[in-house]
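# sharing a model prediction with you, sequence too.
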2 protein chains.
Amino acid sequence: MSQGASGIELETSLGYLLKEVSSALRTAMEAVLRPLGMSVTHYSCLELLAQRPGLSNSELARGTFVTRQAMNVLLQALEGDGLVTRSQQPASGRALPTRLTAAGRAQLATASAAVKGVEDRMKSQLSPSEQDALRAMLSACAVSLRAS
Amino acid sequence: MSQGASGIELETSLGYLLKEVSSALRTAMEAVLRPLGMSVTHYSCLELLAQRPGLSNSELARGTFVTRQAMNVLLQALEGDGLVTRSQQPASGRALPTRLTAAGRAQLATASAAVKGVEDRMKSQLSPSEQDALRAMLSACAVSLRAS
DNA sequence: CTCAGTATGTCAGAATATTGACATGAGTCA
DNA sequence: TGACTCATGTCAATATTCTGACATACTGAG
């Protein structure tokens, strides 16, 4: 009955559980980032930029799961705060590569450590092999969802 | 190095992967709900109300992971559309129990079937036992995150 | 080469959600 | 009883994001 039914069972729904964990993770991240004066998107952008230097606005938007318009306003703020720099001449097409400044890297360092603390707490009850299994299953879900 | 480091590795970060799946799920749900004229929050509220009749505004807000203010404006819209009814006299305290109308149940029926299709697609590559394992691990993550 | 298709940056308006605030009702405890 | 705490409903203001739109730049088929 929980499987063949035509509806959703909240108690056993993977989608609902996913949203629950995702929401709790976001809340926990906000809690540790707020004292640093950063939002989750703010941090995500910096983190992405640190690991993939030179990403354009649109690429950053895709990597942080927001629209490029939203990323654009964020990037303007980050640039105004001296945390990132944007090329004026596009390297190719219209895309303007973005890079962290020293100040951006410094701010990210403390934030990244704080976020790692949250993530470690999240998976504190999972063994390394369980974490691998979880990763594999979540990846499978992502692939399946993308296959329209 | 991927474990003892002080930072986050995007490639192996469970948090990032969680956000990725969650975002893909939301996008897929929006895609099937849009033709029905419903948003994800709209659907979530109806679904929650179907399975837990009499929930108050604040309880619905917690169950759908939004603020009670946001749920309040949504409930006013749903009530205006004749999909839900709210008691005028609080049963206890200030909480006003909310219930689905027949129209609400009817609208939910098609939406719930559509969302179940999305959820089934998401877990199409997972065996029943894997789904159980995934549920257990996600629950563990939620519990750990809530333990501040 | 030309043109259709796709991707990007950016502006403006609209929708949505959040924070802040206040009054009300219930429970607790001295 | 009275003071205190907590949860709720609701109003207002703010913030954030999205949708729509447009011009520009590359790419590939013809």
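Everything's here; your move.
# hey, let's count contacts and neighbours off CA atoms from now on
Will do.
# so A:Leu126, which of the three states?
Under the three-state scheme (DSSP: H, G, I helix; E, B strand; the rest coil), A:Leu126 adopts coil.
# any idea how many residues pack against it?
When neighbours are defined as other CA atoms under 10 Å in any protein chain shown, A:Leu126 has 17 of them.
# with A:Tyr16 instead?
A:Tyr16, neighbours per other CA under 10 Å, totals 19.
# sec struct for the spatially closest residue to it that is not a sequence neighbour, please.
Nearest non-adjacent residue to A:Tyr16, counting by CA to CA, 6 or more residues apart in numbering or on different chains: A:Leu10, 6.6 Å away. Recorded secondary structure, A:Leu10: coil (three-state DSSP).
# now A:Leu10: phi and psi?
Main-chain dihedrals, A:Leu10, degrees, to the nearest 10: phi -60, psi -40.
# is it correct that it is in contact with A:Lys19?
No - in this structure, A:Leu10 is not within contact of A:Lys19 by CA atoms under 8 Å, at 11.4 Å.
# out of the two, which sits in the busier spot?
Set A:Leu10 next to A:Lys19 and count neighbours by other CA under 10 Å: A:Lys19 wins out with 20 against 14.
# what is the neighbour count of the closest residue in space to A:Ala91 that isn't next to it in sequence?
Nearest residue to A:Ala91, sequence neighbours excluded (CA to CA, 6+ apart): A:Pro97, at 7.3 Å. Using other CA under 10 Å, A:Pro97 is surrounded by 19 other residues.
# and A:Pro97, how far from A:Thr41?
A:Pro97 sits 19 Å away from A:Thr41, going by CA to CA, to the nearest Å.
# swap in A:Thr12?
Distance of A:Thr12 to A:Thr41, computed by CA to CA: 30 Å.
# between the two, who's got more neighbours?
Higher neighbour count among A:Thr12 and A:Thr41: A:Thr41, with 17 against 14, using other CA under 10 Å.
# surely A:Glu79 touches A:Thr85?
Yes - here A:Glu79 reaches A:Thr85: they are 5.9 Å apart, a contact under CA under 8 Å.
# list the residues that contact both of the two?
With CA atoms under 8 Å, 6 or more residues apart in numbering or on different chains applied, the contact sets of A:Glu79 and A:Thr85 do not overlap.
# quick one: contacts of whichever strand or helix holds A:Leu74?
According to DSSP states H and E, A:Leu74 maps onto helix A:68-80. Contacts with helix A:68-80, where a contact means CA under 8 Å, 6+ apart, come from A:His42, A:Asn57, A:Ser58, A:Leu60, A:Ala61, A:Arg62, A:Val84, A:Thr85, A:Arg86.
# quick one: is it near DNA strand D?
Yes - using CA under 7 Å from any atom of the strand, a contact is recorded between helix A:68-80 and DNA strand D, made by A:Gln69, A:Ala70, A:Leu74.
# now the residues you listed: which count as buried?
Among the residues of helix A:68-80 next to DNA strand D, those classed as buried by 16 or more other CA atoms under 10 Å in any protein chain shown are A:Leu74.
# JSON lines for the residues of helix A:68-80 next to DNA strand D, including pLDDT?
Shown next, in JSON lines, are the residues of helix A:68-80 next to DNA strand D (pLDDT from 0 to 100):
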{"residue": "A:Gln69", "pLDDT": "97"}
{"residue": "A:Ala70", "pLDDT": "97"}
{"residue": "A:Leu74", "pLDDT": "96"}
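# what about DNA strand C: which of the residues of helix A:68-80 next to DNA strand D touch it?
Among those, proximity to DNA strand C is found for A:Gln69 (CA under 7 Å from any atom of the strand).
# for the host helix or strand of A:Asp120, buried residues please.
Using DSSP H and E, A:Asp120 sits within helix A:102-122. For helix A:102-122, the neighbour count (16+ other CA under 10 Å) marks A:104-105, A:107-109, A:111-112, A:114-122 as buried.
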